[in-house]
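> coords please:
(one chain, ligands or ions: 2)
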Amino acid sequence: MNIRQAVSPPKAGPLRGKEMSSLEIKHDVNIAIEEGKISYIGREYVEAYQYIDGSQLVVMPGFVDCHTHIPFVGSRSSEFIMRLSGKSYMDIMRAGGGIISTVKEVRKASATSILADSLSSLDSMLSLGVTTVEGKSGYGLDKENELKQLKVLRALDSIHPVDVVPTFLGAHAVTDEYGSPEEFLDLMAGIFDDLVELTDTIDIFCENGVFDEALSRQYLMKAQKKGFKVKLHADELSSSGGGRLAVELGAVSADHLISADNETLVLLAESETVATLLPGTSFFLNEPFAKGRKLIDLGAIVAIASDFNPGSCNIFNPFFIIFLAVSRCGLSVEEAINAYTANSAKALCLEKEKGMLEVGYDADMVLIRAEDYSEIVYNFSRDLVEGVIKNGNRVR
Ligand code: NIG
Ligand code: FE
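Ligands and ions are numbered 1, 2, ... in the order given. Predicted coordinates:
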């Protein structure tokens, strides 16, 4: 009640181009919650059994992190140190480290130990105001372990207050037990029928030296034939045709885009595919940043997410990711907020229930100690979160 500033995207995702620069800001309003949904926003007094004094608070929709790699186990800090002495992410991957080292850990680990590690990551994310998290398989790379990861994602969703949205990323890397990328992708496509209860979305690491554009096309078309939505790790480390392919296939999102060429940016801007920026990865790998400003100026639907994973981005703090999006990708604060709420909800096809402060929407909110929403960028390193509300329950 008496909320100093209630800040919301002006409409449900997708917001594109210029629409992304506006926010709806209401002063001194009360927000009521019933059965986990927002039931009222306005100046009227509402009867309730519990009140929160909002007079010192900025209230925003909970952050929707539409790209992470939970669940995983293990640390890759030694690779981080190797990169400091000049090895690149791809050098380490080609030498059998990188994704494959996490695959070894995940294969050894029981579902319960993977679950326990991921619950603790979700606790930390929730305390920072992240109320919905996408997570991917992709550290199993065989049927048994890919399904193990997807089952852990389903368990996380039911155990933890955060909503967890699962994606199948069997096409993440190839281990040397397989003859060729083609053979491996056939094996992964052979699992599609077993995924129906576990996920509706299929992702691939489309990258020169991993799965090239032609292989990615074949694989994702098979997925679409089976009725799955598709998305791609696209143009992350080199310009590999992933962004273009995402548009061609009508993918829900094309993620990373650090190395996307101008033509690809234009194609994305003219499409319905969400362009998801992951600036934490650029920062963590010391790589260039995706051209966020250009994408928005061209009219794209831009989302931001963390890419939280043990190798390329060990970061999940949405305030820091927003700081990077603003200071390194050229977004305004308003654009970054829309990108981490309404548009990231759109990237998960949850735009009708998440990402806005609006009657009927899920009561997922972050309560921030600030006079104005813009402080979340300048003060990103302070703990500004006074409280988090998830489905109407105060969870911090
Ligand atoms: O988004 N590029 C592929 N996948 C992840 C990294 C995963 C890992 O290094 O474990 C990414 O950067
Ligand atoms: Fe990723």
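> ranges for the strands of the stretch 51-200 of the chain?
Listed in chain order, the strands of the stretch 51-200 of the chain (DSSP state E, counting those that start in this stretch) span 57-61, 63-65, 130-136, 163-171.
> how about the stretch 201-350 of the chain?
Under DSSP E, counting those that start in this stretch, the stretch 201-350 of the chain gives strands at 201-206, 229-234, 253-256, 274-277, 302-304.
> the first one near ligand 1 anywhere?
Which is strand 201-206. Yes: Strand 201-206 is in contact with ligand 1 by C-beta under 6 Å from any ligand atom, via Phe205. In this view, the C-beta of every residue, glycine as well, is placed from N, C-alpha and C.
> and the helix or strand bottoming out on mean pLDDT in the chain, which residues are buried?
Ranking every helix and strand in the chain by mean pLDDT, DSSP states H and E puts helix 89-94 at the bottom, with a mean of 90. Neighbour counts using 16 or more other C-beta atoms under 10 Å place Tyr89, Ile92, Met93 of helix 89-94 among the buried residues.
> list the helices and strands it packs on?
With contacts taken as 3 or more C-beta pairs under 8 Å, 6 or more residues apart in numbering; DSSP states H and E, helix 89-94 sits against helix 77-84.
> for the helix it packs on, packing partners?
Counting contacts by 3+ C-beta pairs under 8 Å, 6+ apart, helix 77-84 is packed against helix 89-94.
> who touches the helix it packs on?
Here helix 89-94 makes contact (C-beta atoms under 8 Å, 6 or more residues apart in numbering) with Glu79, Met82, Arg83, Gly98, Ile99, Ile100, Ala173, Gly209, Leu237, Leu285, Gly311, Ser312.
> hmm, try it at 7 Å
Glu79, Met82, Arg83, Gly98, Ile99, Gly209, Leu237, Leu285, Ser312 (C-beta atoms under 7 Å, 6 or more residues apart in numbering).
> want to throw the residues you listed into TSV with neighbour count, pLDDT and distance to Ala260?
Below are the contacts of helix 89-94 laid out as TSV (neighbours: other C-beta atoms under 10 Å; pLDDT from 0 to 100; distance: C-beta to C-beta, whole Å):
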residue	neighbour count	pLDDT	distance to Ala260
Glu79	19	94	25
Met82	17	92	27
Arg83	18	93	23
Gly98	20	94	22
Ile99	26	96	22
Gly209	12	92	17
Leu237	22	94	12
Leu285	18	94	16
Ser312	27	96	17
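> turn those residues into JSON lines, including distance to ligand 1.
Formatted as JSON lines, the contacts of helix 89-94 follow (distance: C-beta to the nearest ligand atom, whole Å):
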{"residue": "Glu79", "distance to ligand 1": "8"}
{"residue": "Met82", "distance to ligand 1": "13"}
{"residue": "Arg83", "distance to ligand 1": "11"}
{"residue": "Gly98", "distance to ligand 1": "5"}
{"residue": "Ile99", "distance to ligand 1": "5"}
{"residue": "Gly209", "distance to ligand 1": "11"}
{"residue": "Leu237", "distance to ligand 1": "7"}
{"residue": "Leu285", "distance to ligand 1": "8"}
{"residue": "Ser312", "distance to ligand 1": "3"}
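> doesn't Thr264 make contact with Lys291?
No: in this structure, Lys291 is not within contact of Thr264 by C-beta atoms under 7 Å, at 10.1 Å.
> packed most tightly, which of the strands of the stretch 201-350 of the chain would that be?
Scoring the strands of the stretch 201-350 of the chain by mean neighbour count under mean count of other C-beta atoms under 10 Å gives strand 302-304 as the most buried, with a mean of 33.
> so what strands line up beside it?
strand 274-277 (parallel) (DSSP bridges).
> apart from its chain neighbours, what residue comes closest to whichever residue of the chain sits closest to ligand 1?
For the chain and ligand 1, the shortest gap (C-beta to the nearest ligand atom) falls at Gly311, measuring 2.4 Å. Leaving aside its chain neighbours, Gly311 sits nearest to Arg76 (5.0 Å; criterion: C-beta to C-beta, 6 or more residues apart in numbering).
> swap in Glu79?
Ile92 (5.3 Å).
> now that neighbour: how far from Leu84?
For Ile92, the distance to Leu84 equals 12 Å [C-beta to C-beta, to the nearest Å].
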